[in-house]
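# sequence isn't available, so here's the structure alone:
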């Protein structure tokens, strides 16, 4: 299974094109990284790949087919700011189960404590919230994960922990990243 | 030595701000409930006694009596409870209309402009005129008045809710929810409704005073309730005849009572707003 982006051009304003003729291909067993200066369009490319921006020119395909928009989107984006991606009036349990119900095993791997489930999003720290949003994206239907600076708010030790857990899971389940 | 402010002294000094707010809501709610319940238990056909007609306020009749010897205090309570009932009906119906329209506006761009157009249309017609027209068209009476007030007071709340829903719709958690494959209806019910519920609640309560005031005013003008119902508007318009004869108590006490009830509702609304939205409270 492969995710392909071909000749993508996108601009927020007419004056400046932020992405010009970008092509990228990603296999199920691959993990690739994007590097670039601030404002060079990394996040924009991520949003295009995961279907949040639709008015670009060019094509994003999975196995040479258009990605269906109606059902669960197989390319999931994990945001930089987890606190913005959770409804402030929802308990964490509901936030997590919005996409799927992960197994206890997986919760332990990502260091998710059961006591957190009964709290509100603003009662948890950024790192704790980010674990939720990663786990949320690991639905069995997910084929590719786009991680947009997901570890910036964490300290070095936690970064390693989370990345290792995520990479191991992706390798085991054939998810491209 | 700093002096404690007046609100931190005396009987309620041990309570914090939240408890005080709750206490205020509780007490005002209780007063209104007592008025309402007393009013519903009073028979609308009060005994007439011409031997005591047109008496000024005394200990036997603290609000005085009218030209048929009816006790004005009892009539006022009855009128107030009628007003509260109409207020409840009208404000609930108007906030239901507002909620539905706000969600309709969020469906797509066409619906949004249609709802905005409707808002502008209703906002451009003078209030009283609209009230009178709807009330007459629906055959006056309590039903006509409730509908008239409801259909002319949804505008402000709809505006607020529409903006709120628009804002939530552009948030990242709604975008993410769509990518999880959730439908629009599911998002509206699960994501948006809990977030705007407090707005709806406060909006409903703040429509209340308007509803009561407008009910009284169109009844006063003769386009509302029928004369045999002892509404405050009826009492006030009847008293006009006798004001010139010096019977000031016929208009003074019912008018004052109406004002107090309206103020009480306003207090409840404001305090509830503080509870639901603490970040706004200190502005």
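In hand now; what should we look at? If you're wondering where the values come from, they're calculated on a predicted model, not measured in any experiment.
# ok, now which ones touch the residue of chain B found nearest chain A?
Residue of chain B nearest chain A, by Cβ to the nearest Cβ: residue B:181 (3.7 Å). From N, CA and C alone the C-beta is placed, and that goes for glycine too. By Cβ atoms under 8 Å, 6 or more residues apart in numbering or on different chains, residue B:181 lies in contact with A:70, A:71, A:72, A:73.
# quick one: low-confidence ranges for chain A?
A:174, A:176-177 (pLDDT under 70).
# which residues are contacting the longest helix along chain A?
In chain A, taking DSSP state H as the definition, the longest helix is helix A:156-172. Residues external to helix A:156-172 that are found in contact with it (Cβ under 8 Å, 6+ apart): A:29, A:31, A:106, A:109-111, A:127, A:130-131, A:134, A:138, A:145, A:147, A:150-151, A:154, A:175-177.
# make a ChimeraX selection of whichever of the residues you listed turn out to be buried.
The ChimeraX selection below is limited to those of those classed as buried (16 or more other Cβ atoms under 10 Å in any protein chain shown):
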select /A:109,110,127,130,131,134,138,145,147,150,151,154,175,176,177
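# of the contacts of helix A:156-172, which belong to strands?
A:145, A:147 (DSSP state E).
# can you pull the residues of chain A lying near chain B?
Proximity of chain A to chain B (Cβ under 8 Å from any Cβ of the partner chain) is limited to residues A:50-52, A:70-73, A:76-77, A:79, A:81, A:84-90, A:98-99, A:139.
# generate a ChimeraX selection restricted to the buried subset of those residues.
Burial among these is assessed by 16+ other Cβ under 10 Å; the matching ChimeraX selection reads:
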select /A:50,51,52,72,73,76,77,79,81,85,86,87,89,90,98,99,139
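# pick the one among the contacts of residue B:181 closest to residue A:64.
Relative to residue A:64, the closest of these is residue A:73; by Cβ to Cβ it sits at 17.6 Å.
# which residues touch the closest one?
Residue A:73 touches A:50, A:51, A:67, B:179, B:180, B:181, counting by Cβ under 8 Å, 6+ apart.
# quick check: it vs residue B:113, distance?
Relative to residue B:113, residue A:73 is positioned 29 Å away (Cβ to Cβ, to the nearest Å).
# before we move on, the earlier item: return the member of the contacts of residue B:181 nearest to residue A:11.
residue A:73 (23.7 Å).
# around chain A, pick out the residues from chain B.
So chain B meets chain A at B:171-173, B:175-177, B:179-182, B:191, B:194-195 (Cβ under 8 Å from any Cβ).
# by pLDDT, give me the weakest of these.
Among the residues of chain B next to chain A, residue B:181 carries the weakest pLDDT, at 74.
# now that one: how far from residue A:150?
Here residue B:181 is placed at a distance of 22 Å from residue A:150 (Cβ to Cβ).
# just give the nearest non-adjacent residue to the residue in chain A that chain B sits nearest to, would you?
Chain B sits closest to residue A:72 of chain A, with a gap of 3.7 Å, by Cβ to the nearest Cβ. Excluding the flanking residues, the one nearest residue A:72 by Cβ to Cβ, 6 or more residues apart in numbering or on different chains is residue B:181, at 3.7 Å.
# show me what contacts residue 145?
Defaulting to chain A. Contact analysis of residue A:145 by Cβ under 8 Å, 6+ apart lists A:75, A:76, A:78, A:137, A:138, A:166, A:170, A:175, A:176, A:177.
# to clarify, I was referring to chain B.
B:86, B:90, B:135, B:215, B:218, B:219, B:224, B:225.
# so which of these wins on neighbours?
Among the contacts of residue B:145, the one with the most neighbours (other Cβ atoms under 10 Å in any protein chain shown) is residue B:215, at 31 neighbours.
# that one: helix or strand, and which one exactly?
Following DSSP states H and E, one finds residue B:215 within helix B:193-221.
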